[in-house]
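Participant: any chance you can model this:
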Amino acid sequence: MLKVKEQVKSSADIIRIMRLAVREQVVVDVIMGGAGKFNAYFICKDGNLARKRSLILSIPEGSVVRKLKPDMNLKMFFQMDGDLIDLTSTFIQTGKSGDLLYAEVSFPTALGMKKVRAHNRVRVPSTIELETEIRKKRGAPFRARITDIGMGGLSFSYKVPGFKEAGGDAFLNKLKGEDFIKMEIMVQGAGGSSYEIPVNGVVRRVSRVRGGDGALQEIAGIEIMMIAMGYKGKFSDVVDFITEEVKRSREEDAELDTDEMLRECDFKRGAMEDEMPDIYEAIRDGNVEEMLVYLMEWHANETIRKEIIQGMAQKAHSPDLLFAFKHLLGLKEQAGIEILFDAILERKHFKTILELFQILPPNSPMLMQLTDHVVTAFPSERVIEALNWTQNYPELQSRLIQRLVERGTVNDFIQSLGYMQDNAQGSVKMATQIADRSTSINEMVNAIAVLKTYMRGESSRALAILIARFVGKAPDASLLQVLERHVSDHSAAGEIIMSELVHRGNPDDIIRAFKQVTMDSTASMILAYGLVKHGNVEQVKGVLTNLSNTCDKARTILRAYYYKFQGNPLKRLFTVSVNEKQRKEIMAQGQVLMKRSQVEYDKIRRRIETDSEDAWLEMDVDK
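Facilitator: Numbering: from 1, shown residues only. Purely as a prediction, here's the structure:
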């Protein structure tokens, strides 16, 4: 037995071997690096073999698609004529045609071949219906088609009726635990002869493969343990008959290159390739710059134009695809734009996908397709990045925000607010989610601190709604902590906290809040209203002593209250004494400001208690 591994490097020989693998449906073992393995058939699509463009593998189930990554190296093994053939390719992309999932991989530079069987297994050509009836120890017998046969064993395939991809063991895997299965091989031979030969064997292997028609098959490899004698025909005659049929089929195949399947797979537009080798060399090499030159030159020729664009889609890397996409946008080549757009999405190169948001025209329907792709194909951190690239598109941001609401965390919501400074509706929705999903007061305080940095300081509806939810849960000490560290009196957030302190009615907390007042504002007036309502003359006197002269309206409210109970104030409280006329004027102004403060306080309280997104969107945050 030959054990030395040989290398096949001739393109013509590689094409010949791979064409046989396609024609005879050889089962391929595909190893995906450290991501597992699967079984496949080689199939043909759009002349990929003859043009040395790529190989196409059928994919048995959707879980394999999720494991395949761009530029992943795939190691493949299959047996043919007693040789173990191995090759290495790079994953390019996946596709779907009807029920058939497939993977496109790079065309190999070489094949390795090594003799592994003393007695060759012969692939049963489609021209022969070689059937077997399998009888198990338990359960009803069933029929299957023999796919290869030799003196030492055979394989058969079985299409499981109603088979579902998800969950459960393969149907034929249940055979592995049986010592023997009994089969009866049945075939109609040459010259009207027929064979019916009982065989006993052991199942050594079960593979799951999807055929070119999209149907899922299970293939069992059998080691023959006993062949019955004296029945209708000899087992060796069956093997010889199949071998001769394969030889005849291959000879016909070599002569008839007009065969429909081969013409579609291997020789489609072959004449064009011979006439314009430079164009096809650029396509094979994936040279986008050269392809664009030829595209401009042959733009009027629809067939060549399609060939070049398809070549870009299949061979170019993501940055080159983006470069070509920009040029096609300029040419308004809509069909080509759609092809390259789909190719970019299939590559899943996130940086390239993000750049499409800037390249596409503002009214392009592809923008929403692009957003939907980001939402379905990428994790939350990528969705947050996409928010940064869609700040001019509130509709797209709404779609991304919905994805975060469904699957994101509080930390995701906080990060996302940094990219929604001009999206009031989106930022309010995110702030609502932060408030609803935060599990502790400390978490909300941390969110407020981060939010203040992200959202243009305190002038933010998002910060206001988060504060409004916060005040309903927080103790007095936490309210004062946030007021002292994160918000000021001339902000909507400050107004909400000070209104809550007034609502709670603790004059000591109101007096402490006055230390954060720096200027005339609605918040300072509300505090003055609250101190008059809940405090006493001595507390008012103490605040007046320390309150800045810049807080004229708040001082007027407090002075009016003080005058009401004390008459003319002491000189140590004010720089000058006031006469009776001035005292009355201040008291009148104080009453007006007191009513205005109460109106503002009541308005904020209603907004807090209503707690609707619409109410916060209507709020004036430009303080």
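
Participant: now the spatially most central residue of the chain. Nearest residue, chain neighbours left out?
Facilitator: Centroid-nearest residue in the chain, with Cα atoms, centre = their mean: residue 377, separated by 1.2 Å. Excluding the flanking residues, the one nearest residue 377 by Cβ to Cβ, 6 or more residues apart in numbering is residue 348, at 6.2 Å. Where C-beta positions appear, they are placed from N, C-alpha and C, glycine not excepted.

Participant: measure that neighbour to residue 329 for me?
Facilitator: Applying Cβ to Cβ, to the nearest Å, the value for residue 348 to residue 329 is 21 Å.

Participant: neighbour count: these two, which is higher?
Facilitator: More crowded of residue 348 and residue 329, by other Cβ atoms under 10 Å: residue 329, with 18 against 15.

Participant: my guess is that one meets residue 358, correct?
Facilitator: No. Residue 329 lies out of contact with residue 358 (Cβ atoms under 8 Å); the separation is 11.9 Å.

Participant: so the residue nearest to the centre of the chain makes contact with residue 347?
Facilitator: No. At 10.9 Å, residue 377 does not count as touching residue 347 under the criterion of Cβ under 8 Å.

Participant: dump the C-alpha coordinates for stretch 100-117 into PDB.
Facilitator: What follows is stretch 100-117, C-alpha atoms only, in PDB (Å, rounded to 0.1, in the frame of the first residue of the first chain):
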ATOM      1  CA  LEU A 100     -29.900  24.700   0.000                       C
ATOM      2  CA  LEU A 101     -27.400  26.500   2.300                       C
ATOM      3  CA  TYR A 102     -23.900  26.700   0.900                       C
ATOM      4  CA  ALA A 103     -20.500  28.000   1.700                       C
ATOM      5  CA  GLU A 104     -18.100  29.500  -0.900                       C
ATOM      6  CA  VAL A 105     -14.400  28.900  -0.200                       C
ATOM      7  CA  SER A 106     -11.200  29.700  -2.100                       C
ATOM      8  CA  PHE A 107      -9.900  27.600  -4.900                       C
ATOM      9  CA  PRO A 108      -7.100  25.300  -3.600                       C
ATOM     10  CA  THR A 109      -3.500  25.800  -4.800                       C
ATOM     11  CA  ALA A 110      -2.800  22.100  -4.300                       C
ATOM     12  CA  LEU A 111      -4.400  18.800  -3.300                       C
ATOM     13  CA  GLY A 112      -2.700  16.200  -1.100                       C
ATOM     14  CA  MET A 113      -3.300  12.500  -2.100                       C
ATOM     15  CA  LYS A 114      -2.400   9.400  -0.100                       C
ATOM     16  CA  LYS A 115      -3.400   5.700  -0.800                       C
ATOM     17  CA  VAL A 116      -5.400   4.500   2.200                       C
ATOM     18  CA  ARG A 117      -7.400   1.500   0.900                       C
END
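
Participant: give the rounded mean pLDDT of it.
Facilitator: Averaged over stretch 100-117, pLDDT sits at 85.

Participant: then stretch 482-500?
Facilitator: 82.

Participant: tell me how far the ends of it are from each other?
Facilitator: Using Cα to Cα, to the nearest Å, the end-to-end distance of stretch 482-500 comes to 13 Å.

Participant: which other residues reach stretch 143-156?
Facilitator: Here stretch 143-156 makes contact (Cβ atoms under 8 Å, 6 or more residues apart in numbering) with 25, 27, 117, 119-124, 129-134, 157-158, 183, 185, 199, 201, 204, 219-224, 235-236, 238-239, 242.

Participant: return the members of the residues you listed classed as buried.
Facilitator: Buried members of the contacts of stretch 143-156, counted by 16 or more other Cβ atoms under 10 Å: 25, 27, 117, 120-124, 130-132, 134, 157-158, 183, 185, 199, 201, 219-222, 224, 235, 238-239, 242.

Participant: circling back to that earlier point, pLDDT wise, what is the residue nearest to the centre of the chain at?
Facilitator: 87.

Participant: angles on the backbone of it, please.
Facilitator: When quoted as degrees, to the nearest 10, the phi and psi of residue 377 stand at phi -100, psi -10.

Participant: and it, how far from residue 66?
Facilitator: Using Cβ to Cβ, residue 377 is found at 10 Å from residue 66.

Participant: and if you look at residue 479?
Facilitator: For residue 479, the distance to residue 66 - Cβ to Cβ - is 48 Å.

Participant: more neighbours: the two, which one.
Facilitator: Taking neighbours as other Cβ under 10 Å, residue 479 and residue 66 compare with residue 479 leading, 21 against 9.

Participant: so who does the more buried one touch?
Facilitator: Counting by Cβ under 8 Å, 6+ apart, residue 479 has contacts 471, 497, 500-501, 509.

Participant: just the ones of those residues in helices?
Facilitator: Per DSSP state H, helices hold the following members of those: 471, 497, 500-501, 509.

Participant: could you dump the residues you listed to a markdown table with distance to residue 595 and neighbour count?
Facilitator: Shown next, in a markdown table, are those (distance: Cβ to Cβ, whole Å; neighbours: other Cβ atoms under 10 Å):
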| residue | distance to residue 595 | neighbour count |
| --- | --- | --- |
| 471 | 24 | 21 |
| 497 | 22 | 25 |
| 500 | 21 | 22 |
| 501 | 20 | 25 |
| 509 | 24 | 21 |
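
Participant: in the protein, which helix is the longest?
Facilitator: helix 580-610.

Participant: now do the buried residues in it.
Facilitator: Under 16+ other Cβ under 10 Å, the buried positions of helix 580-610 are 583, 586-587, 589-590, 593-594, 597-598, 600-601, 604, 607-608.

Participant: same question, stretch 94-103
Facilitator: Buried, per 16+ other Cβ under 10 Å, within stretch 94-103: 94-95, 100-103.

Participant: now, among those residues, which is nearest to residue 551?
Facilitator: The closest of the buried residues of stretch 94-103 to residue 551 turns out to be residue 94 (Cβ to Cβ; 67.5 Å).

Participant: element containing that closest one?
Facilitator: strand 83-97 (DSSP states H and E).

Participant: that strand: what's the following helix or strand?
Facilitator: Sequence-wise, the next helix or strand downstream of strand 83-97 (DSSP H and E) is strand 100-106.

Participant: parallel or antiparallel, list what pairs with that next one.
Facilitator: strand 54-59 (antiparallel), strand 83-97 (antiparallel) (DSSP bridges).

Participant: so what touches the shortest one?
Facilitator: The list of residues contacting strand 54-59 from outside it, by Cβ under 8 Å, 6+ apart, reads 18, 28, 30, 38, 40-45, 48-49, 65, 76, 89, 92, 94, 100-108, 209-212, 314.

Participant: check the longest one too.
Facilitator: Contacting residues not belonging to strand 83-97 are listed as 17, 45, 54-55, 59, 65, 68-79, 101-108, 110-116, 214, 314, 343, 346-347 [Cβ under 8 Å, 6+ apart].

Participant: in helices, which of the residues you listed fall?
Facilitator: Those of the contacts of strand 83-97 lying in helices (DSSP H): 17, 65, 314, 343, 346-347.

Participant: next, the contact list for residue 317, please.
Facilitator: Counting by Cβ under 8 Å, 6+ apart, residue 317 has contacts 286, 347.
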